[in-house]
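[1] Quick check, what structure comes out for this input:
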Amino acid sequence: LDNNGGNGYEAEANYAVSDGKGAVPTKSGYVFTGWKLGDQVYQENSLLTISADHKGDLAKLDDSTGYYTYKFVAQWGKKDELGKTPYEIQILFEDEKGSYSGDPVKLTDYGVAGKTAVIIESQLTKDKIETAAGAQGVTLPKNWYTDYELVPGEDRTVVVKEDGSSVLTLKYQRKGYDFTVKYVDEQGHDIQASTTTKVSWGRTAKAEPAAITGYTLKKAEVKPTDVGNFDGAKKFSATMPRKPVTVTYIYSRDTSGFRLTGYEGVYDGATHTVAFEGTLLSGESLKWYVDGSAVSAQPKSVDVINRKVKVEVQNANGEVVWASEAVDFVITPKKVTITVDSKSKVYGTEDPVFTGKINGLVNEGDLGEVTYARKAEDESAENVGDNIALTASYTKENTNYTVEVIDGKLDITPITDETVVKVTGNTA
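    Next comes the predicted model:
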């Protein structure tokens, strides 16, 4: 804001957009006529829509920061040059139908012929308008001074003609109030962007629920509570009061598709886990529990296990959206059978090599080295007819298996009548 010789704002200083609201500087011997940007003169509370098209024209863009700089220059008119030529200001008020067809209130002001006159809102005082309306027989809307406002963004300038025929029309519309529609979950968190629009009092404000993936509409509320009505589909309609209105649609998380399935199986050397079914939304996560204690990740196991597992679906705020019942996560040992082969030998001879078969191992070597031998109590048995049991042992205990050993038997047979004699040397 460049004061252009005036006071009220530091010359050549930088201001945030909001700092310019209601900005009216002063200059001795002059009347402030507006802020000039390009060819346009803006009044206090005027609206400028920032656009990328302004680059190099109305605004200077700093490419390093991405900020636009707009320089508004204060415009001044000498007091002794103003107020010589009359022009008319016609003021119209919005009616029930939203039009401006009623009789205008006419004011006379003065400017310099051939120059642009600028109307500042502060010039349009309550007393001045009501006095003119009374004199002209124009009925003003009830509470017009508090319930109506100048239409923002409309041109408030007029070129003053020397013959005094210039007319500037200004419109007062019904004041608008914020009408906000919110979409939240049961914890009050936004699940879809809210909308806020200006709705003039006395006009119809409407809202309706949105279809939001993963959520089911639970209820709808309005504040103030005495405004409007909801129909059976929760659509809202109200005559806008002279105050803000907020409609809130409250949704519950649709967890009908959530399911936790346990696992029960026999050890097979593969990795297993429990199964969660359901689609998580952005920001949601799973929290796992094993035997009642929280764990950092979904439980998995290759080996024998017997646990109770639960899972929670939590939102981005750590609040529980859904919790499962506990399910079983069980891997039982696999049965392995070692069958010892039965053997026989002739009395007085060495034991044969003992052998057997292993059935059910997932991986060779899971029991270490398997050895076949006589049972300890039968180590010294060497007579025909002795009941000699053969068994198996292994070097690696493995809880993933239950091992059954089926014993074999060693039979000792007698020497037969046919005896082979090997004779060497001389015989008598």
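[2] could you turn stretch 198-205 into CSV, dropping everything but the C-alphas?
    Extracted C-alpha coordinates of stretch 198-205, given in CSV (Å, rounded to 0.1, in the frame of the first residue of the first chain):
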residue,chain,number,x,y,z
LYS,A,198,-22.8,-17.5,2.0
VAL,A,199,-26.6,-17.7,2.0
SER,A,200,-28.6,-14.5,2.3
TRP,A,201,-31.1,-14.5,5.2
GLY,A,202,-34.6,-15.4,4.1
ARG,A,203,-33.3,-17.5,1.2
THR,A,204,-33.4,-21.3,1.1
ALA,A,205,-30.4,-23.2,2.3
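[3] Contacts for that stretch next, please.
    94, 96, 98, 147, 173-179, 228, 236-242, 245 (C-beta atoms under 8 Å, 6 or more residues apart in numbering). Where you see a C-beta, it was placed from the backbone N, CA and C, and this is true even at glycine.
[4] residue boundaries of the helices in the stretch 51-200 of the chain?
    Along the stretch 51-200 of the chain, the stretches classed as helices by DSSP state H, counting those that start in this stretch are 126-136, 144-147.
[5] Would you reformat those helices as a markdown table and include mean pLDDT, mean neighbour count and distance to K345?
    Below are those laid out as a markdown table (pLDDT from 0 to 100; neighbours: other C-beta atoms under 10 Å; distance: least, C-beta to C-beta, whole Å):
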| stretch | mean pLDDT | mean neighbour count | distance to K345 |
| --- | --- | --- | --- |
| helix 126-136 | 93 | 14 | 129 |
| helix 144-147 | 94 | 14 | 119 |
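[6] Tell me which of these approaches V160 most closely.
    helix 126-136 (19.2 Å; C-beta to C-beta).
[7] per-residue pLDDT, the closest residue to A193 other than its chain neighbours?
    Of all residues not flanking A193 in the chain, Y183 sits nearest, at 7.9 Å (C-beta to C-beta, 6 or more residues apart in numbering). Looking at Y183, its pLDDT reads 98.
[8] Name all residues that make contact with Y183.
    Y183 neighbours (C-beta under 8 Å, 6+ apart): 190-194, 209-210, 212, 248-249, 251.
[9] what do you get if the cut-off is 7 Å, keeping everything else the same?
    Listed by C-beta atoms under 7 Å, 6 or more residues apart in numbering, the contact set of Y183 reads 190-192, 194, 210, 212, 249, 251.
[10] and it, what are its bridge partners?
    Beta bridges link Y183 to Q192, Y249, judged by DSSP bridges.
[11] Give me the buried entries from the contacts of stretch 198-205.
    For these, a burial check counting by 16 or more other C-beta atoms under 10 Å picks out 94, 173-174, 177, 179, 228, 236, 238, 240-241, 245.
[12] Which parts of the stretch 51-200 of the chain are strands?
    For the stretch 51-200 of the chain, the strands defined by DSSP state E, counting those that start in this stretch cover 59-62, 67-70, 73-78, 85-93, 105-111, 116-118, 148-150, 157-159, 167-174, 176-185, 190-200.
[13] nearest to P414, of these?
    Across the strands of the stretch 51-200 of the chain, P414 has its closest neighbour in strand 176-185 (90.7 Å, C-beta to C-beta).
[14] Between strand 190-200 and that closest one, find me the angle.
    160 degrees (axes from the mean of the first three to the mean of the last three C-alpha atoms, to 10 degrees).
[15] ok now strand 176-185, how far from the chain's centre?
    From the chain centre to the centre of strand 176-185 is a distance of 18 Å (C-alpha atoms, centre = their mean, to the nearest Å).
[16] Can I get it in CSV? Just the C-alpha atoms.
    The C-alpha trace of strand 176-185 is given here as CSV (Å, rounded to 0.1, in the frame of the first residue of the first chain):
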residue,chain,number,x,y,z
GLY,A,176,-25.3,-13.5,3.7
TYR,A,177,-24.4,-15.8,6.6
ASP,A,178,-22.1,-18.9,6.6
PHE,A,179,-24.0,-22.1,5.7
THR,A,180,-21.6,-24.9,6.5
VAL,A,181,-22.1,-28.6,5.7
LYS,A,182,-19.7,-31.0,7.5
TYR,A,183,-19.1,-34.8,7.1
VAL,A,184,-17.5,-36.4,10.2
ASP,A,185,-17.1,-39.8,11.8
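[17] which secondary structure elements does the helix or strand hosting I331 contact?
    Using DSSP states H and E, the element containing I331 is strand 327-332. Here strand 327-332 is seen to pack against strand 263-266, strand 305-314 when contacts are counted using 3 or more C-beta pairs under 7 Å, 6 or more residues apart in numbering; DSSP states H and E.
[18] buried ones in the longest one?
    Of the residues in strand 305-314, those with enough neighbours to count as buried (16+ other C-beta under 10 Å) are 305, 307, 309-314.
[19] Among these, find me the one that's closest to S342.
    I305 (38.3 Å).
[20] show me what contacts the closest residue to L170 other than its chain neighbours?
    Among residues not flanking L170 along the chain, I91 sits closest, at 5.2 Å (C-beta to C-beta, 6+ apart). Contacts for I91 (C-beta under 7 Å, 6+ apart) come out as 104-105, 107, 129, 170, 172.
[21] out of those, which is most surrounded?
    Using other C-beta atoms under 10 Å as the neighbour criterion, V105 leads those with 25 neighbours.
[22] Just list whatever residues bridge to that residue.
    Assigned bridge partners for V105, using DSSP bridges, are I91.
[23] Isn't it up against T131?
    No. Using C-beta atoms under 7 Å, V105 is not in contact with T131, being 9.7 Å away.
[24] Kindly tell me how buried S344 is, as a neighbour count.
    10.
[25] Point out where the stretch 301-428 of the chain drops to low pLDDT.
    Counting by pLDDT under 70, the stretch 301-428 of the chain shows low-confidence ranges at 417-428.
[26] Which parts of it are strands?
    Counting by DSSP E, counting those that start in this stretch, the strands of the stretch 301-428 of the chain are 305-314, 320-323, 327-332, 334-340, 343-346, 356-359, 370-374, 388-394, 401-406, 408-413.
[27] Which among those is found nearest to S296?
    strand 305-314 (13.1 Å).
[28] packing partners for the closest one?
    Using 3+ C-beta pairs under 7 Å, 6+ apart, strand 305-314 sits against strand 285-290, strand 320-323, strand 327-332.
[29] V304 and N398, how far apart?
    Distance, V304 to N398, using C-beta to C-beta, to the nearest Å: 9 Å.
[30] hang on, the earlier thing: looking at the buried residues of strand 305-314, which is nearest K161?
    Looking across those and measuring by C-beta to C-beta, the closest to K161 is Q314, at 71.9 Å.
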